[in-house]
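# I'd like to go over a predicted model; first the sequence, then the structure.
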Amino acid sequence: MLNIGVLVSGGGTNLQALIDAEKRGEIENGKITLVVASRSDAYALERAKNNNIKSEVLLRKNYASTDDYSDALLEVLEENNIDVVVLAGFMTIISSRVPQVYRNRIINIHPALIPSFCGKGYYGLHVHEAALERGVKVSGATVHFVNEVCDGGPIIIQQPVAVMDDDTPETLQKRIMVEAEWKILPKAVSLFCQGKLEVVGNRVIVKE
Ligand code: GRF
């Protein structure tokens, strides 16, 4: 059984999707054993508490540099024997030493079809504002491994979602969460825990 550590900064609806999937027995060979929040007021912490999951708060302002913060994060992950890290709306920048230590063991969810609307500055509602501005008919979500390049790691699963004529950034964000993020994130984590993801270069082969 692999220990899953989930990193959060906000509402934690993706964390909730993972918890619900685990309860339904859909995270095969994995258990969420730790939640790390970069904000003490993250509602995700309540979700952890309500489900008896250990949590830690790591505030960036308590560390002199991104490297120091990343070392503290690695220490917490290692102390808790975390095998796989899930970034579920984690908004604090971490150094490349984290993906170096956890090579192909950090999974992120991005609310667009990478390589569209991703990289620096594309977070939260900005992603959906950009998609609507460009007038795309399809957006979606991507689950990928984290490497040293922002949103550049090997892609595990992508799920397209239709854009409606009357969408606002908020309505599009919600539809992408419901129809894509909350489904493909638990699926990818389960596949990982079962050892079914093989990384070949920048491609991920899913061994079903
Ligand atoms: C999600 O849209 C996710 O794709 C992005 O951050 C948001 C987190 O939302 N990385 P939540 O905290 O899981 O509700």
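Yes, it's here.

# And the residue of the chain found nearest the ligand, how far from Val143?
Relative to the ligand, the nearest point of the chain is Gly89 (2.6 Å; Cβ to the nearest ligand atom). The C-beta positions use only the backbone N, C-alpha and C, and glycine is treated the same way. Taken as Cβ to Cβ, to the nearest Å, the spacing of Gly89 relative to Val143 amounts to 13 Å.

# now do Met177
Going from Met177 to Val143 by Cβ to Cβ gives 13 Å.

# So these two - more neighbours on which side?
Looking at Met177 and Val143 with other Cβ atoms under 10 Å, you find the greater number of neighbours at Val143, namely 27 against 20.

# Verify the assumption that the more buried one is located in a helix.
No. In this structure, Val143 is strand, not part of a helix, as judged by DSSP: H, G, I helix; E, B strand; the rest coil.

# got the residues of this structure near the ligand?
Within the chain, the positions near the ligand by Cβ under 6 Å from any ligand atom are 8, 10-14, 88-89, 109-111, 177, 181.

# mind running it again at 5 Å?
Those residues of the chain that sit near the ligand, judged by Cβ under 5 Å from any ligand atom, are 10-14, 88-89, 109, 111.

# Next, give me the two most distant ones among those residues.
With distances taken as Cβ to Cβ, the most widely separated pair in those is Gly12 and Pro111, at 14.7 Å.

# Spell out the residue ranges of the strands in this structure.
Shown for the chain, the strands assigned by DSSP state E span residues 2-8, 30-37, 55-57, 84-87, 106-110, 138-145, 155-162, 197-200, 203-206.

# one step back: how much space between the residue nearest to the residue of the chain closest to the ligand when sequence neighbours are not counted and Ala88?
If the residues on either side of it in the chain are set aside, Gly89 comes closest to Gly10, at 4.9 Å by Cβ to Cβ, 6 or more residues apart in numbering. With the distance defined as Cβ to Cβ, Gly10 ends up 9 Å from Ala88.

# Show me whatever sits in contact with both of the two.
Taking Cβ atoms under 8 Å, 6 or more residues apart in numbering as the contact criterion, the residues that touch both Gly10 and Ala88 are Ala44.

# re the thing from before, the residue of the chain closest to the ligand contacts Ala17, doesn't it?
No. With the criterion set as Cβ atoms under 8 Å, Gly89 and Ala17 do not qualify as a contacting pair; they are 11.2 Å apart.

# what's the overlap in contacts for the two?
By the contact definition Cβ under 8 Å, 6+ apart, Gly89 and Ala17 are jointly contacted by no residue.

# Settle it for me: which of Gly12 and Pro111 has more neighbours?
Pro111 (26 against 23).

# wait, what's in contact with the nearest residue to His128 once chain neighbours are set aside?
Computed as Cβ to Cβ, 6+ apart, the closest residue to His128 that is not its neighbour in sequence is Pro169, at 4.0 Å. Taking Cβ under 8 Å, 6+ apart as the contact definition, Pro169 lies against 125, 128-129, 132.

# relative to strand 106-110, how tilted is the longest helix seen in the chain?
Secondary structure of the chain per DSSP state H: the longest helix is helix 66-79. Helix 66-79 runs at 120 degrees relative to strand 106-110, counting by axes from the mean of the first three to the mean of the last three Cα atoms, to 10 degrees.
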